[in-house]
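A.B. asks: make a model of this:
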Amino acid sequence: MKLIAIPGWACDKQYFNFLENVKCFDWGFYSSDNTDPKVFLAGEMNEDFIFLAYSMGSLYLDEVLSSKFCKGAIVLSGFTSFCGQDNKDSKLVEKVSQMGSALIANPAKLIESFQTLAGSSFRKNEYYNKEILLKGLDILKTKRTQVDSCKKPMLLLRGQKDRILYPKVALQLSRRFPNAEQHCFIGEKHDLSQSTEAQETIKKFLEVNNV
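C.D. replies: Numbering: from 1, shown residues only. Just a heads-up that it's a prediction; the model follows:
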């Protein structure tokens, strides 16, 4: 079965490299490419697959779960709307807007600060595609998922020390999909890609679902 993935803001396509044979979307944050996640999904959802999403990638669950080929989903630090319920929390919207201003002024500094807070390993890139990075922030301010039920296997993972998501945002998917398998890892932050416990949980889920 195929594995397809969409990572989060400021991530590259290596995010899910702790798994083998994952076709991961490249946002183009660090290249001159102009890519579209919906085009990527349309081209990949042509046979049985399991979807993996990290953070902002979870905003594409509507498109994925509606596919007849989707056999399950694994979501790391996901949400239904980043800026509060229906993106109507003005304080959160303003914080994302402030990130945009800081990004324009000094992208490397802003992304280092963001990734440090997320618990990610930071490496300075030679090129920052400000247009695509800003587009990603706009997605965080405006896009939301609407699907409210799913009979397909779902695995929802989050970190107990997540400082990127406000608690009310971090619990959105848990409330939306109460029947999903859910884990909150003690001591882990927003980025779970380097968590041994999270990796083992994901691999076990894939084994159970014949991947």
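A.B. asks: low-confidence ranges, this structure, go.
C.D. replies: 211 (pLDDT under 70).
A.B. asks: so where's the longest helix in it?
C.D. replies: When the chain is scanned for its longest helix (criterion: DSSP state H), the result is helix 90-105.
A.B. asks: what sits up against it?
C.D. replies: Helix 90-105 is contacted by residues 82-84, 87, 109-111, 114, 130, 133-134, 137, 140-141, 166, 169 when judged by Cβ atoms under 8 Å, 6 or more residues apart in numbering. Any C-beta I mention is one placed from the backbone N, CA and C, and that applies to glycine too.
A.B. asks: try it again with 6 Å
C.D. replies: With contacts defined as Cβ atoms under 6 Å, 6 or more residues apart in numbering, helix 90-105 is touched by 83-84, 110, 133-134, 137, 140-141.
A.B. asks: and for stretch 153-173?
C.D. replies: Applying Cβ under 6 Å, 6+ apart, the contact partners of stretch 153-173 are 72-80, 117-118, 177, 180-186, 188-190, 192, 198, 205, 209.
A.B. asks: same question for stretch 131-149.
C.D. replies: So stretch 131-149 is contacted by 9, 28-29, 59, 61-62, 65, 80-83, 87, 93, 96, 99-100, 103, 176 (Cβ under 6 Å, 6+ apart).
A.B. asks: chain center to it: distance?
C.D. replies: Here stretch 131-149 shows a centroid-to-chain-centroid distance of 10 Å under the convention Cα atoms, centre = their mean, to the nearest Å.
A.B. asks: buried set for it?
C.D. replies: Neighbour counts over stretch 131-149 (16 or more other Cβ atoms under 10 Å) mark 132-133, 136-137, 139-141, 143-145 as buried.
A.B. asks: re the thing from before, return the subset of the contacts of stretch 131-149 lying in helices.
C.D. replies: Using DSSP H, 61-62, 65, 93, 96, 99-100, 103, 176 are the members of these that sit in helices.
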